[in-house]
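Colleague: what's the 3D shape of this:
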Amino acid sequence: MEIVGEVEESLKELRDCFKSGRTRSVKWRKTQITALLQLLHDKEDVIFEALRQDLGKHPVESYRDEVGVVIRSADNALSCVEKWMAPKKNHIPLLFFPGSGEVLSEPLGVVLIFSSWNIPVALSLDPLIGAISAGNVVVLKPSEHAPHCSSFLANTLPQYLDSKAIKVIEGGSDVCELLLQQKWDKIFYTGNPRVASIVMSAAANNLTPVTLELGGKCPAILDSLPSSSEFWMAAKRIAGGKWGTCCGQACIAIDYVLVEEKFASVLIDSLKKTIRKFFGDNPIESKVTARIVNKHQFKRLCNLLEEPQVRASIVHGGSVDEENMFIEPTILLDPPLNSQIMTEEIFGPLLPIITVNKIQESIEFINSRPKPLAIYAFTKDETFKRTILSETSSGSVTFNDTLIQFICDGLPFGGVGQSGIGRYHGKYSFETFSHEKAVMHRNLCLEIEPRYPPWNNFKMQFIRLAYKLNYFGLLLHMLGLKRYN
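Modeller: Down below sits the predicted model:
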């Protein structure tokens, strides 16, 4: 009952704060974003330690994927928020002369953000920046599976941000269920499709809009490349896109690679060399790779390797260390397509390589599965690039690299179909947490009488012409200066 009271009291304070209008001013928005930047500066080492305890992340990885991402997002919002807030003049047809139109961005209200455990700082604070930029009040629910990061956010954010407008509520599934029973003006969820369906069902009870940032089996397509150096670079970026971020526990990590059979052995050899270069001969001792988040996820990944035909397809790695929650970077060649490792999102350091006769077959392979969050394609063939863009559907497509689309504020980030609903990052975050209100301005000095009853044939003809011609053209026609065909 204590948590019920905390939630109800928090929501009342948030609603009162929003009604007061304090979050709508540009000053308030900039003050909060500036304070968040100060937090990141003051508490960088504390954040690094929390990420090490929860996920075993190295400080460099923590800065690249978490702290640096949020600083970049906050700096961008700080410099652009006034421009984003400014009313946008829109073209109005001359039919409505004299008149003008504009679009005003207004905050949605009381927002609920569910963040994920795999990138627990950035996936909490990046959406929060968007919600603040748009002028909302917020409840942030961090993932209980990253307890040190959750505790850090709950204890530290109130020291820097407006505690009447931004609140952190910790807890497990019972708290999530309680929060979903409340009425919100927006729910932003990052996680898996199973929980997303629960979130969406609960939101439907109050017709609450949702943004769902999910995942999926993100493929990489490796076409033939004209030089060995380019092939090596592609292999290096594939390895980085699989094992270089949270040990493969990322929604945008490569899930499997499609390559022509004749190039498979060269790719495997290149990946093995890259793994040794990244992590040394004994990756568990390198201390530069994250670990599996908990025993449940560790067991799930081990189960993917237990099928005899899957284990037989391992061409590199496969060793596990339950005590240290570590699974070696593992490469599999052509595991059964109906096995769990090829039907479920892997979310770990296991990389299947699927061979095809011709790389064009990869299009059909991808289209036979749910729409992925990202497609990575390594090719210099412009025709093949256009084919990928026109004949596949995914949240994003990145050519000749991996993961970098996530940190590009100028591009929207989000999924399609089973990989998500909605988008964010940069201005798209502001738009996600805003309502664009259409405003029409007219005056009282001129009237178009045929818009009113009583109806007659002349008014019917006038209205037909009005919809087909602009207002100026209609006047010319009525004056006999322009013939209507």
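Colleague: Now do the SS call for Ser73.
Modeller: Look at Ser73: counting by DSSP: H, G, I helix; E, B strand; the rest coil, its state is helix.
Colleague: That one - how many residues pack around it?
Modeller: 26 (other Cβ atoms under 10 Å). (C-beta placed from N, C-alpha, C; glycine too.)
Colleague: what does Thr31 give?
Modeller: Neighbours around Thr31, by other Cβ under 10 Å: 14.
Colleague: With Phe18 instead?
Modeller: 22.
Colleague: how near is Ala220 to Lys380?
Modeller: 15 Å (Cβ to Cβ, to the nearest Å).
Colleague: What of Val210?
Modeller: Distance from Val210 to Lys380, by Cβ to Cβ: 40 Å.
Colleague: who's more crowded, these two?
Modeller: Val210 (18 against 14).
Colleague: pLDDT at that one, what is it?
Modeller: pLDDT, Val210: 98.
Colleague: Identify the residues contacting it.
Modeller: The contact partners of Val210, by Cβ atoms under 8 Å, 6 or more residues apart in numbering, come to Lys186, Ile187, Phe188, Tyr189, Val199, Met200, Ala203, Ile421, Gly422.
Colleague: hmm, try it at 6 Å
Modeller: Contacts for Val210 (Cβ atoms under 6 Å, 6 or more residues apart in numbering) come out as Ile187, Met200, Ala203.
Colleague: what's in contact with the helix or strand where Leu332 lies?
Modeller: Assessed by DSSP states H and E, Leu332 sits inside strand 330-333. For strand 330-333, contacts defined as Cβ under 6 Å, 6+ apart pick out Ile268, Leu271, Ser313, Ile314, Val315, His316, Gly317, Gly318, Leu350, Leu351, Pro352, Ile353.
Colleague: Can you tell me the SS state at the second one?
Modeller: Read that as Leu271. helix.
Colleague: What part of the chain, helix or strand, is modelled with the least confidence?
Modeller: helix 471-478 (a mean of 56; mean pLDDT, DSSP states H and E).
Colleague: Check the gap between Thr398 and Leu212 for me.
Modeller: 21 Å.
Colleague: er, Leu351 actually
Modeller: Counting by Cβ to Cβ - Leu351 and Leu212 are separated by 26 Å.
Colleague: quick one: low-confidence parts of this protein?
Modeller: The model of the chain has pLDDT under 70 over residues 1, 94-95, 469-485.
Colleague: Could you chop it up by domain?
Modeller: As given by automatic domain parsing, the domain ranges for the chain are 2-214+425-436, 219-414.
Colleague: mind putting those in a markdown table, distance to Asn443 included?
Modeller: Shown next, in a markdown table, are those (distance: least, Cβ to Cβ, whole Å):
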| stretch | distance to Asn443 |
| --- | --- |
| domain 2-214+425-436 | 5 |
| domain 219-414 | 38 |
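Colleague: Figure out which of those is closest to Lys468.
Modeller: domain 2-214+425-436 (10.3 Å; Cβ to Cβ).
Colleague: Which helix or which strand is home to Arg237?
Modeller: Using DSSP H and E, Arg237 falls in helix 228-243.
Colleague: So for that helix, what gets flagged as buried?
Modeller: Phe231, Met233, Ala234, Ala235, Lys236, Arg237, Ile238, Ala239, Gly240, Gly241, Lys242, Trp243 (16 or more other Cβ atoms under 10 Å).
Colleague: Ala220 versus the third one, what's the distance?
Modeller: Plainly put, Ala234 is 9 Å away from Ala220 if you go by Cβ to Cβ.
Colleague: cool, the fourth one as well?
Modeller: From Ala235 over to Ala220 the distance is 10 Å, taken as Cβ to Cβ.
Colleague: same deal with Val293?
Modeller: Taking Cβ to Cβ, one finds Val293 at 24 Å from Ala220.
Colleague: And Ser197, by the same measure?
Modeller: 28 Å.
Colleague: which of those two has more neighbours?
Modeller: A count of neighbours by other Cβ under 10 Å puts Ala220 above the other of Ser197 and Ala220, at 25 against 11.
Colleague: quick one: His435 is in a strand?
Modeller: Yes - under three-state DSSP, His435 sits within a strand.
Colleague: Give me the neighbour count for the nearest residue to it once chain neighbours are set aside.
Modeller: Nearest residue to His435, sequence neighbours excluded (Cβ to Cβ, 6 or more residues apart in numbering): Glu106, at 5.3 Å. Residues near Glu106, counting by other Cβ under 10 Å, number 14.
Colleague: Over to Glu49?
Modeller: Count around Glu49 with other Cβ under 10 Å applied: 15.
Colleague: With adjacent residues omitted, what lies nearest to it?
Modeller: Glu49 sits nearest to His148 (Cβ to Cβ, 6+ apart), 7.7 Å away.
Colleague: Pull out the buried positions in the strand or helix carrying that neighbour.
Modeller: Using DSSP H and E, His148 maps to helix 147-160. By 16+ other Cβ under 10 Å, the buried positions in helix 147-160 come out as Pro147, His148, Cys149, Ser150, Phe152, Leu153, Ala154, Thr156, Leu157, Tyr160.
Colleague: For it, what is the distance to the chain centroid?
Modeller: Chain-centre distance of helix 147-160: 22 Å, with Cα atoms, centre = their mean, to the nearest Å.
Colleague: Just the CA atoms of it, as CSV, please.
Modeller: What follows is helix 147-160, C-alpha atoms only, in CSV (Å, rounded to 0.1, in the frame of the first residue of the first chain):
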residue,chain,number,x,y,z
PRO,A,147,19.6,-1.9,-9.9
HIS,A,148,22.7,0.2,-9.3
CYS,A,149,21.8,2.5,-12.2
SER,A,150,18.2,2.6,-11.1
SER,A,151,19.2,3.6,-7.6
PHE,A,152,21.6,6.2,-9.0
LEU,A,153,18.8,7.8,-11.1
ALA,A,154,16.3,7.7,-8.2
ASN,A,155,18.7,9.3,-5.7
THR,A,156,20.5,11.8,-7.9
LEU,A,157,18.0,13.3,-10.4
PRO,A,158,16.0,15.0,-7.6
GLN,A,159,19.2,16.8,-6.5
TYR,A,160,19.6,18.4,-9.9
